[in-house]
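**Q** Below are the sequence and a predicted model; questions follow.
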Amino acid sequence: MAYSNLNNPANYQLQGFDQYGFRIIQAGMSGETNANEPLIGSDSYRTVLAIQDAVVNLVTLHGDTLLNKTLFQGQELHGLFQSVEVLSGEVVAYLAGPYGIPEASDVWFNFNGSTNYAVFPDNQFSFGSSFCFGTYLRTWSNEIARQVILMADSFSIEIRGKYLYVINGSEERKICVLNTGIWTYIAVNVSGTNLTVYTAVANQASSGVITVFDNTYNFSITAPDLSAIESLRIGSDLFGNNLFYGNFAHFSMWDRTLTLAEVLALRPLSITLYTASMKVDMLHHYQFSYWLEFGVLNLANDLIGSPAVNGTINGL
């Protein structure tokens, strides 16, 4: 049996039929080029149906990408496609449902979006020309204009609406869509003028199998100078505004860049499980804890820095 949404096919009103909706994608449209589509990595598609003869590019996560694929009218192609680009013709792309339950974090603190952010003493942080900020977080809203994850002088990592941004002075790099309510490891790597951002999300199926979905985003950026940071905040800008609403599990800072393999290994671990190689050139690590009722109050204590740079949580 087939179902059609005659009123607004972009609004995904088919969940009642165990179907997660569809997009009609015409020639010239894709996740990158259509203003009404999110960036690659925000949605996935299970089935592509040609409603006209079409030529498409279908990008997948794990190597079976199809480029310049011809689909004749009525032909279906099944898989798990991260991006659908239509070069000619017109297709219907059916959204994939959830992969399973997002993996939880054992340790986290809830930043309430109104008073909570991490404050650190001024003139305490310094990085070379290569560095990485890595954090395991979960945001609760994509309807807030601006949420600052980290700000170090004029360099910042932010969420604007549903998009993750990296800011360096007047330069703004839109990275990807950041879905709400899902634990995501984000690693922002800078080496000179090269900006590489890794994201990793894990989902656990009912069988217990955990599958990690990762993305890599590459950009150029004017080389940031973080050799002598005056002020640094986690969860707000330098004035205590534009607060993050969600959870941080841990937040690490390296004086080098990470590889994707390292990110995938680090993502679910607490600092006690990090190997020696993981901690090479790690300058600071903050493992936010929610066990306030048990007296664990080291919410912004540096667990690895030498000397440690400890902070406090505003609003506690």
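**A** Everything's here; your move.

**Q** Pass me the low-pLDDT residue ranges in the chain, would you?
**A** 1-21, 29-43, 61-63, 96-102, 106, 290-298 (pLDDT under 70).

**Q** Show me which strand runs longest in it.
**A** Secondary structure of the chain per DSSP state E: the longest strand is strand 76-88.

**Q** Could I get the full set of helices for the chain?
**A** For the chain, the helices defined by DSSP state H cover 260-266.

**Q** So it: which segments form each domain?
**A** Following automatic domain parsing, one finds the domains of the chain at 9-95, 102-313.

**Q** can you put those domains in TSV and add mean neighbour count?
**A** Placement of C-beta: from N, CA and C, glycine included. TSV is the format used below for these (neighbours: other Cβ atoms under 10 Å):
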stretch	mean neighbour count
domain 9-95	16
domain 102-313	18
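
**Q** sorry, back to before: report all helices and strands that the longest strand of the chain contacts.
**A** If you count contacts as 3 or more Cβ pairs under 8 Å, 6 or more residues apart in numbering; DSSP states H and E, strand 76-88 packs onto strand 22-26, strand 45-50, strand 54-60, strand 66-71, strand 90-95.

**Q** and the angle from the fourth one to strand 54-60?
**A** With axes from the mean of the first three to the mean of the last three Cα atoms, to 10 degrees as the basis, strand 66-71 and strand 54-60 are set at 140 degrees to each other.

**Q** just checking, what packs against strand 66-71?
**A** strand 54-60, strand 76-88.

**Q** now the longest one
**A** Taking 3+ Cβ pairs under 8 Å, 6+ apart as contact, the helices and strands that strand 54-60 lies on are strand 66-71, strand 76-88, strand 90-95.

**Q** mind redoing it with 10 Å?
**A** strand 22-26, strand 45-50, strand 66-71, strand 76-88, strand 90-95 (3 or more Cβ pairs under 10 Å, 6 or more residues apart in numbering; DSSP states H and E).

**Q** Kindly report the same for the shortest one.
**A** Strand 22-26 sits against strand 45-50, strand 54-60, strand 76-88, strand 90-95, with contacts defined as 3+ Cβ pairs under 10 Å, 6+ apart.
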